[in-house]
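Visitor: Need the 3D shape of this:
(one chain, ligands or ions: 1)
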Amino acid sequence: MSTGTMKKSHSQWSSRMGFMLAAAGSAVGLGNIWKFPYMAGEMGGSAFVLTYLLFMFIIGLPILVLEWLIGRRGQKNPIHTMQDVAVSEGRSKLWGWVGIIGVLGSFLILSFYSVIGGWATDYIVLAAQGTFEGANGGITENLFTNFLGDVNSLLIWHTVFMFATAFIVALGVGAGLERGCKIMMPGLGILLLALVGYAAYASGSSFWKACDFLFTPNWSALNGTAILAALGHAFFSLSLGMGIMMAYGSYLGKDVNLLSTARTVVILDVIVAVLSGLAIFPLVFANDLQPGSGPGLIFVTLPIAFGNMAGGSILGILFFIFLTFAALTSSISLLEPTVELLEEKTHMGRKTATIVTSIIIWALGIACILSFNKWADVTLFGKNIFDLLDYLTSKIMLPVTGLGTIIFAAWMMNQKRIREELNLNAFWFNIWTILTRFIIPVAIVAILVFGFFPEGK
Ligand code: PHE
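Guide: Model (predicted):
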């Protein structure tokens, strides 16, 4: 019923801590626990992992800072923020396109993210039913394969997850979620540590094999495909290139130190990913599973741990609850930009905008579900629908939007003001300039080209 001129569509950050938690909540999600390990497994391990870590700090961190900085200047949704900031810097409104591609990306990602969030939710129930008790690799693999073939179950859980996402977004991201994050995130961290401990204890020498696989440099496995995947994943994992962090930045006070906050978020994000790898790969090797087995990896490996450790049922339930929650804190951030856009650009209210957007995303999710079973053979460029959505977003749209953002920030904006805002001394400002003006844009372009035409083609 607000008749005021200011539309408030997200919650306002109550404090720097609240902001950091929301940003970390968006960043830490299925990307760290589900996607990172299986990509590492598919890409041959350490070469991918080390490249990803490098990109997180050299490319991800500066872009995260700049998305917040632009958002804080613009104070609007990503598209209008980009337009307004461009105009105020004396540039073309066409920069708004960076925001448009970003919003489109978030929309597409949510359609498959919700399906995987549904898997996590279903696994809460499976854990509670004691399904994993005494399970070995063969059993958990079968369980997962059957699940993927069961369209009805997949659909139900996708619907449940999408509904929960829409429900929270429709209400506005209130204190409930911020408070929830405060409890759930540390809980997830502690459980992950416990799982790493279990993996180290139960899998004996396989633990070292896993460390070796993840960290001992193996550069021969590095090719264009892996480098592009590492770059795309750095964006995905920090929720960059979708205007999300820009939107989050629009609610920031001037007093928040962007660099140090970004550093904390990147470090947290990396720690969760690495811990997940260390919890999963020892079990992969100890149970003769395939590291490169794809998206099912954590759903096949972790139940083995829960099925065989003392108190495993309870830990299993807790783990999948926390995982679902981590996914929800990300999925709401994926839904927000489109909802906000519809709210501002059409006559729809927040609730209608949420319902309309969610239904379209939900329907797209069904295509993704079918690509795991009935439509497994429906392919375009050799990829099924799930792979195609993932490829298009992570490997094309996010890096391209990130490139647009960095070129805009480093070449179109007043650098003196940025320097003041980031509080950099002359030395660090020089490094910052070289990085943002030259190294990052050139690296992104090179990786895109190299990634699309791998192996010297
Ligand atoms: N960063 C989230 C994750 O790692 C995924 C995400 C991507 C969330 C893009 C928001 C935007 O799971």
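
Visitor: just checking, Ala199 touches Trp208?
Guide: No: using CB atoms under 8 Å, Ala199 makes no contact with Trp208, being 11.3 Å away. Where you see a C-beta, it was placed from the backbone N, CA and C, and this is true even at glycine.

Visitor: Look at those two and report which has more neighbours.
Guide: Ala199 (26 against 13; other CB atoms under 10 Å).

Visitor: Please list the residues of the stretch 101-250 of the chain that sit near the ligand.
Guide: Contact residues, the stretch 101-250 of the chain versus the ligand (CB under 6 Å from any ligand atom): Ser106, Ile109, Phe236, Ser237, Ser239, Met242, Ile244.

Visitor: What count of nearby residues applies to Ala221?
Guide: Per other CB under 10 Å, the neighbour tally for Ala221 reads 13.

Visitor: how about low-confidence regions in the stretch 1-150 of the chain?
Guide: 1-14 (pLDDT under 70).

Visitor: which residue packs closest to Val256, ignoring adjacent ones?
Guide: Spatial nearest neighbour of Val256, chain neighbours left out: Arg16 (5.2 Å); criterion: CB to CB, 6 or more residues apart in numbering.

Visitor: Also Ser394?
Guide: Closest residue in space to Ser394, ignoring its immediate chain neighbours: Gly232 at 3.7 Å, by CB to CB, 6+ apart.

Visitor: my guess is that neighbour meets Val400, correct?
Guide: No: counting by CB under 8 Å, Gly232 sits too far from Val400 to count as a contact (10.6 Å).

Visitor: Give me the more crowded residue out of these two.
Guide: Gly232 (27 against 19).

Visitor: Which phi and psi values does the more buried one adopt?
Guide: Backbone torsions for Gly232, taken as degrees, to the nearest 10, come to phi -60, psi -40.

Visitor: Likewise for Lys383?
Guide: Backbone geometry at Lys383, expressed as degrees, to the nearest 10, gives phi -120, psi 140.

Visitor: For the stretch 101-250 of the chain, which segments count as helices?
Guide: Here the stretch 101-250 of the chain has its helices, by DSSP state H, counting those that start in this stretch, at 137-149, 151-171, 175-202, 206-215, 224-237, 244-249.

Visitor: Next, format these as JSON lines and append distance to Asp390.
Guide: Shown next, in JSON lines, are those (distance: least, CB to CB, whole Å):
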{"stretch": "helix 137-149", "distance to Asp390": "16"}
{"stretch": "helix 151-171", "distance to Asp390": "16"}
{"stretch": "helix 175-202", "distance to Asp390": "23"}
{"stretch": "helix 206-215", "distance to Asp390": "22"}
{"stretch": "helix 224-237", "distance to Asp390": "9"}
{"stretch": "helix 244-249", "distance to Asp390": "17"}
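
Visitor: deepest of the ones you listed, which one?
Guide: Mean neighbour counts were compared across the helices of the stretch 101-250 of the chain using mean count of other CB atoms under 10 Å; the top stretch is helix 244-249, at a mean of 27.

Visitor: Please enumerate residues in contact with that one?
Guide: Defining contact as CB atoms under 8 Å, 6 or more residues apart in numbering, one finds that helix 244-249 is touched by 10, 19, 22-23, 26, 64, 67-72, 74, 77-78, 81-82, 99, 102, 106, 238-239, 333-334, 336-337, 340.

Visitor: and if you look at stretch 220-234?
Guide: Residues outside stretch 220-234 that contact it (CB under 8 Å, 6+ apart): 31, 35-36, 39, 43-48, 51-52, 55-56, 59-60, 240, 394-395, 398-399, 444, 447-448, 450-455.
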